[in-house]
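S.K.: kindly generate the corresponding structure for this input.
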Amino acid sequence: MDTRLLFRTNKDAPNYRVIIIDLERPQQSHWQTLIPEHPRDVLDWVSPVAQDKIVCCYLQDVKVGGHYVLNKTIRQ
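M.R.: Predicted coordinates:
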């Protein structure tokens, strides 16, 4: 049985990264970085595909804002 798990974390990586933690040696000194933190973009989510691939979604140049509908007219 494989005791390694993948985690998305912002520990020491404000834009998030993916690490491998072996449950038999879970101490932080044994963590391995699989996907490093991007210098600008935020790693929003990751998902396994097949048995040997990972899909990553990054947020890029995101601005806070919103839209609402009033009388069928879109306003910002």
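
S.K.: when you work out contacts or count neighbours from here on, use the C-alpha atoms and nothing else.
M.R.: OK.

S.K.: backbone phi and psi for K11, please?
M.R.: phi -60, psi 120 (degrees, to the nearest 10).

S.K.: tell me the contacts of H30?
M.R.: Taking C-alpha atoms under 8 Å, 6 or more residues apart in numbering, we find H30 in contact with 21-22.

S.K.: can you pull the phi/psi pair for it?
M.R.: According to degrees, to the nearest 10, H30 has phi -100, psi 0.

S.K.: likewise Q28?
M.R.: Note on Q28: backbone dihedrals following degrees, to the nearest 10 are phi -60, psi -30.

S.K.: distance check, it against L43.
M.R.: 21 Å (C-alpha to C-alpha, to the nearest Å).

S.K.: quick one, which of those two is more surrounded?
M.R.: Each of Q28 and L43 has its neighbours counted (other C-alpha atoms under 10 Å); L43 has more, 23 against 8.

S.K.: if you skip the residues just before and after it, what's nearest to that one?
M.R.: Y58 (4.4 Å; C-alpha to C-alpha, 6 or more residues apart in numbering).

S.K.: hang on, the one you found in a helix?
M.R.: No. Counting by DSSP: H, G, I helix; E, B strand; the rest coil, Y58 falls outside a helix, being strand.

S.K.: that one is in contact with V46, isn't it?
M.R.: No. Counting by C-alpha atoms under 8 Å, Y58 stays clear of V46, with 9.1 Å between them.

S.K.: and the pLDDT for the residue nearest to L43?
M.R.: On pLDDT, Y58 comes in at 94.

S.K.: look up how far P39 lies from it.
M.R.: Applying C-alpha to C-alpha to Y58 and P39 gives a distance of 12 Å.

S.K.: and the two? which has more neighbours close in?
M.R.: When Y58 is set against P39 and neighbours are counted by other C-alpha under 10 Å, the residue ahead is Y58, at 15 against 10.

S.K.: tell me the contacts of the more buried one?
M.R.: Contacts of Y58 (C-alpha under 8 Å, 6+ apart): 41-45.
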